[in-house]
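Engineer: Got a predicted structure plus its sequence, pasted below:
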Amino acid sequence: MAGKLFVVATPIGNMEDITLRALRVLRETEVIACEDTRRTRKLLSHHGIRGKTLVSYHEGNERDRARELLEILMSGKDVALVSDSGTPCISDPGYRITRAAAEKGIRVVPVPGPSAATAALSVSGLPTDRFAFEGFLPRKKGSLRKRLKELVSEERTLVIYESVHRIDATLAELAKEMGDREAALFREITKAHEETLRGRLSELAKMDFPRKGEFVLVIRGAE
C-alpha cells in the first residue's frame, strides 16, 4: 500500500506560526522533502523534532526528485512536502511532485497554514471578496510592461510578490502603468522587522524604507 503525500504549510517568519496538525505530521512522517535542508532542520530543531530523513528539492532538481519521492511513496512510506516558508507550491516548487503522486493514485493531503499572500491581503484594508494572485512578475522589462498592461483592467484586488533587488523598479513601473491606485506594501511580514506601508502607488514608489527582506504588494483593482 502506497504512503500519503502531506503538503505542509510552515511559518513565513515567526516560528510560532505553525499548526498543531502540521507539527504532528512532521513528527510522524519519516521523510520530509524540503527546498533547503538547513532551513527545514532549523524549524524542526526549534520544535524538538529530530531523526528525520530530509530530501532536498528545488527548481533545479524538482523533476528528478519527483521521481525519487514517488518511489518512496510507492514503497509505503509517507512523505511531508514543505517549502522554505509558507504553503508549498504557491510561487514555490512542488507541483510536479503533487501531480506525479496524484496521477499514481497516491493520496495527497493538504495541511494548511501560513501564506504570505493571504496574510497580507487580510490586513491590507483593500477588497478581499475577489482577488488575483500574480506571484512574481516577469523580470525582463519588456515582459514586465506587457504583463502590467494586461493587468491594468483587472478588477480584482492584485497580490504580488517581489524581491528586494527588484522592488524599486517594479513600484516605478506599477506607478507608471496604474497611476494612483490604492496599495499596501508589506516588508518581512510576520518577521521581527515587519513593516507595512500604505498609500497610492505613486507615493509608495517614492517612500523611504529599508531595501531589505521580502515584499508583498496588494493593489486595488480597476474600477
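Structural biologist: Received, thanks.
Engineer: could you give the mean pLDDT of stretch 61-76?
Structural biologist: Mean pLDDT, stretch 61-76: 91.
Engineer: Revised request: answer the last question for stretch 148-157.
Structural biologist: Stretch 148-157 comes out at a mean pLDDT of 96.
Engineer: How about residues contacting it?
Structural biologist: Outside stretch 148-157, the residues that touch it by C-beta atoms under 8 Å, 6 or more residues apart in numbering are 121, 124, 126-128, 130-132, 134, 137, 158, 173-174, 177-178, 218-223. Yep, even glycine has a C-beta here, placed from its N, CA and C like the rest.
Engineer: Going along the chain, name the helices of the chain.
Structural biologist: With helices called from DSSP state H, the chain shows them at 20-28, 37-46, 62-74, 95-103, 116-123, 141-151, 167-178, 201-204.
Engineer: which other helices and strands contact the fourth one?
Structural biologist: Contact here means 3 or more C-beta pairs under 8 Å, 6 or more residues apart in numbering; DSSP states H and E; on that basis helix 95-103 packs against strand 5-8, helix 62-74, strand 108-111.
Engineer: Need the helices of the chain in TSV (columns: distance to R211 and mean neighbour count).
Structural biologist: What follows is the helices of the chain, written out as TSV (distance: least, C-beta to C-beta, whole Å; neighbours: other C-beta atoms under 10 Å):
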stretch	distance to R211	mean neighbour count
helix 20-28	32	15
helix 37-46	22	15
helix 62-74	30	16
helix 95-103	31	17
helix 116-123	18	18
helix 141-151	19	13
helix 167-178	7	18
helix 201-204	13	19
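Engineer: With respect to K52, which of those lies nearest?
Structural biologist: Set against K52 and scored by C-beta to C-beta, the helices of the chain come closest in helix 37-46, at 6.4 Å.
Engineer: Report the contact partners of the nearest residue in space to K191 that is not next to it in sequence.
Structural biologist: With sequence-adjacent residues excluded and distances taken as C-beta to C-beta, 6 or more residues apart in numbering, K191 is closest to G13, at 3.5 Å. Contacts for G13 (C-beta under 8 Å, 6+ apart) come out as S85, E188, I189, T190, K191, A192, E194.
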